[in-house]
Every structure is written in structure tokens, then in C-alpha cells.
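Visitor: whatever this is, show me its structure:
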Amino acid sequence: MAILQRNSHRSQISLAFLSQGTERDRSLSELRLFFHRMPKIDLHRHLEGSLRLQTLSEIAVEHGIDLPSYRTEDLRQYVQARNEQPDYHRFLAKFRLLRRFYQSREALERIAAEVVADAAADNIRYLELRFNPIALSRAQRFPLQDVVEWVTGAITHAQQTYPITVRLILQIGRDEIPRVAEEMLELALAYRQRGIVGMDLAGDEVNYPAHRLAHIFRRSRYEGLGVTIHAGEAGGAANVRDAIFLFHAQRIGHGIHALEDSEVVRLLLERNIPLEVCPTSNLLTGAVHSLSHHPLPDLLALDLRATLNTDDPSISDTTLTDEYLVAVTAMGLGLEQIRTMVFNALEAAFLSEREREALRDQFAEWNEIHLSKPL
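Guide: Below you'll find the model as predicted:
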């Protein structure tokens, strides 16, 4: 069973992964353990796509939310997308369901804290967590500022318990009206001392080009906030170009369709703009047809600054450990490419240089011992 289909000449992975049966299973188990122990960075994870199924069930019971079943296993078919036909809009629709469970301040704070706990359990040392306060406030008519206050407070408290650094990105939907989006920017600026480091544009890039919101992101950049834009996921390379020129993006969420246009690839290289790649999510949204044909190896071969991320762990039923495992077993990447993506993420993080240097120190020893030689 030839798992290493692409870039096998560059791979440093042991030939054990080409064998059959028990030996191969043992090798995969060892590789998973290796990536679990590896310190990691996740730059692209959505709060609303990171609920625990057990928590969802308990909140539903507490608040009387009508569900077909309250058993955790039964809820998988409604929350997770793995057993469904890949579809971009069906994937996005999951968020409408999950936002029903932000029923109270306590529920919101619990969910936020559990996201931090789950990331720390996966040995993620640095997490940039994005959330949409507008959508969460509308779910129960909470004041917008209260939602930001609750989430930032819960995240701050959780970091005192777990060995992880978390920063927050406020997300604006592509279909949002400018007035409300401007209010979001003001909140981001007001809460910078509470861990908010950037702004994100997300949502349906097929039907909402969102040029009317570009000035808000240009101001975000001017004010010193990081700017990341979902583009080139379901849409084409032109959306990546617009994200750079119109929105002044410093990072691109997904961006995998940039390869369709050599001029866009050149633009990403010239401006040194990182891509936040999320392979399992790309498969489940239909952005790619199989993981073995995912463009991540090609992005790296072109020296684009690709990073590896989870997107929505609950919907995709994944962890960052899983994403690294997939990168090796389904895409044929080797440890040098894994190392490159980890350090791409470190350099792309929306951090001050002092904070980045401290993070470099955390990763330097692991790199020296484990990522500088074959498995």
C-alpha cells in the first residue's frame, strides 16, 4: 500500500510506512505520538467550530434546545462533516447550528475555555483563535461588547491554567454591513490589551466579494492590527489578489487556489505572505478532491510560506496532530517540510518581536533534537 505518493524523493520518513498490516499500524501509531509530542502552532482555528460534543449535549439539555438526540455519538452526524458529501456551503451551514448553543455567558465562557484546554492537550504552544462576536451576539441578542468581554476574559483565565499562549482575532462575515463591521474594528482596538491581535474576513467568498468592507481592513492594518483574509478556498486566485491589494492582507486563510495564477504566486512570494492551510477542512468543503492531490506539497516546493492548521476541529473531527499526520502519510511530506511549516507559522504569528523571540526559544530545542534528523 503505497502511502507516500508525492514528493517521495524529498521524504525522510522511514520505509516502514510502505509496509502492510500490523507493522504499518505500529509505525503510524509511533508517528502520531511523535507529532502529538511535537510543540505546535495553530494560526487558523475558529471558536465556533471547536465545541466538544459532550458540552453541546449538556448545554442543549440545560437550556431546552430541541435536538433529535442528546447522546454524544448521535450528534456527530449533525456537527461533523466527515460522512457527508463534500460541499462548501453545507460546511458553512454547520456554523448556524453550532451558534445555537451559545445560550448564556456561562456557556460562552465554558466553550472558550475548553477550546484552550483542547489545544493545550494537543501540545499546541501558540494558538490564534478567531471568533465572530456579531454572530454570537445575534444568537441571543447579547450586547456585542459583552461577547468580546466574556471571550477575552475566559481566554485570559484559561491561559493561567494551561501551558499555551493564545491570541484572538475578530472575524467579520463577508455579508456584514459596513456600519457593524466598523463597530467590530473599534472593539478590536479597544481590547488589544486583552489579547486581540487581528481582524479576519470569512464566510461565503463565492457569493460575497465584500469589496465594500475593504476600507475597514486597511484601517485595521494602519492601526497596527494583523489582517488575515479567507481567500482562495472555494474561490479562485483572483480573491487572493484582492485580499492583498484591496484588504492589505498580511496572511491568507487557505489560499490554496493561488496556484491557478502564476502572477498571484509571484505576488505571494514577493510580499512574503503566509498561507494558513487546513487540509482536512479543504477536503470536507470540496476545495480539493483528495488529500493525495492536495496542493500543499506544491506550495512548499514553490517556497510559499505555507503553515498547517485545523480550521474547525469539531466539524472536521481533527486535531493539529492529525493534520501533520495527514501531511506525511497522504501527501508524502518529509520532516524538513514539517520543520519549515512550523517555523513559517512562528514567523507569521501576529506577535511582537519580543514575544516571537520567546516563542522561538521554546521551539529551538525540539527542532535541534527531533526535526533535524530522519525518524
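
Visitor: just the residues contacting the strand or helix carrying residue 323, thanks.
Guide: For residue 323, the host element (DSSP states H and E) is helix 320-329. Helix 320-329 is contacted by residues 3-4, 11, 13, 17, 28, 31-32, 35-36, 38, 40, 42, 119, 122-124, 278-280, 291, 296, 308-310, 333-334, 337-338, 341 when judged by Cβ atoms under 8 Å, 6 or more residues apart in numbering. For every residue, glycine as well, the C-beta is placed using N, CA and C.

Visitor: these in strands, which ones?
Guide: Among the contacts of helix 320-329, the members found in strands (DSSP state E) are 40, 42, 124, 308.

Visitor: residue contacts, the closest residue to residue 180 other than its chain neighbours?
Guide: Using Cβ to Cβ, 6 or more residues apart in numbering and skipping the chain neighbours, the partner closest in space to residue 180 is residue 134 (6.0 Å). Counting by Cβ under 8 Å, 6+ apart, residue 134 makes contact with 144, 172-173, 176, 180, 184.

Visitor: helix or strand for residue 134, which one?
Guide: Secondary structure from DSSP H and E places residue 134 in helix 133-140.

Visitor: before we move on, back to that, got the ones in strands among the contacts of helix 320-329 as CSV, with neighbour count columns?
Guide: Listed next are these as CSV, based on neighbours: other Cβ atoms under 10 Å:
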residue, neighbour count
40, 26
42, 27
124, 24
308, 27
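
Visitor: any idea which of the residues you listed is closest to residue 315?
Guide: Proximity of the ones in strands among the contacts of helix 320-329 to residue 315 was ranked by Cβ to Cβ; the top entry is residue 42 with 15.0 Å.

Visitor: wait, what's in contact with that closest one?
Guide: Residues in contact with residue 42, defined by Cβ under 8 Å, 6+ apart, are 119, 124, 126-128, 309-310, 320, 345.

Visitor: same question, residue 314
Guide: Here residue 314 is in contact with 49-53, 79-80, 98 (Cβ under 8 Å, 6+ apart).

Visitor: surely it forms part of a helix?
Guide: Yes - assessed with DSSP: H, G, I helix; E, B strand; the rest coil, residue 314 lies in a helix.

Visitor: tell me how many other residues crowd residue 206.
Guide: Residue 206 has 14 neighbouring residues, counting by other Cβ atoms under 10 Å.

Visitor: secondary structure class for it?
Guide: Following three-state DSSP, we place residue 206 in the coil state.

Visitor: nearest residue to it in space, ignoring adjacent ones along the chain?
Guide: Take residue 206 and drop its neighbours on the chain: the residue closest to it by Cβ to Cβ, 6+ apart is residue 234, 5.3 Å away.

Visitor: by neighbour count, which of the contacts of residue 42 wins?
Guide: Within the contacts of residue 42, most neighbours by other Cβ under 10 Å means residue 310, with 30 neighbours.

Visitor: what's near enough to touch it?
Guide: By Cβ under 8 Å, 6+ apart, the contact set of residue 310 is 42, 44-45, 278, 280-281, 316, 318-320, 323.

Visitor: distance to residue 230 and pLDDT for these - can I get that in CSV?
Guide: Converted to CSV, these look like this (distance: Cβ to Cβ, whole Å; pLDDT from 0 to 100):
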residue, distance to residue 230, pLDDT
42, 16, 98
44, 9, 98
45, 13, 98
278, 10, 98
280, 16, 96
281, 11, 96
316, 15, 93
318, 18, 96
319, 21, 97
320, 19, 98
323, 18, 97
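
Visitor: thought residue 272 was touching residue 250, still the case?
Guide: No - using Cβ atoms under 8 Å, residue 250 makes no contact with residue 272, being 9.5 Å away.

Visitor: between the two, who's got more neighbours?
Guide: residue 250 (21 against 11).

Visitor: near residue 96, how many other residues are there?
Guide: Residue 96, neighbours per other Cβ under 10 Å, totals 11.

Visitor: you'd agree it is in a helix?
Guide: Yes - residue state for residue 96 (three-state DSSP) corresponds to a helix.

Visitor: gap between it and residue 173?
Guide: Spatial separation of residue 96 from residue 173 under the definition Cβ to Cβ, to the nearest Å is 12 Å.

Visitor: that older thread, which pair of the ones in strands among the contacts of helix 320-329 spans the longest distance?
Guide: The span of those, defined through Cβ to Cβ, is set by 124 and 308 at 11.4 Å.

Visitor: for the helix or strand containing residue 147, packing partners?
Guide: For residue 147, the element it lies in under DSSP H and E is helix 144-159. Judged by 3 or more Cβ pairs under 8 Å, 6 or more residues apart in numbering; DSSP states H and E, the packing partners of helix 144-159 are helix 105-121, helix 133-140, strand 165-173, helix 178-190.

Visitor: report the buried residues of the longest one.
Guide: Along helix 105-121, the positions that meet the burial threshold by neighbour count (16 or more other Cβ atoms under 10 Å) are 105, 107-116, 118-120.

Visitor: how long is stretch 169-178 end to end?
Guide: For stretch 169-178, the first and last residues are 18 Å from each other (Cα to Cα, to the nearest Å).

Visitor: counting neighbours, what do you get for residue 248?
Guide: For residue 248, the count of nearby residues is 16 (other Cβ under 10 Å).

Visitor: for the nearest residue in space to it that is not next to it in sequence, give me its contacts.
Guide: Closest residue to residue 248 in three dimensions, ignoring its sequence neighbours and counting by Cβ to Cβ, 6+ apart: residue 221, at 4.4 Å. By Cβ under 8 Å, 6+ apart, residue 221 lies in contact with 227, 248, 250.
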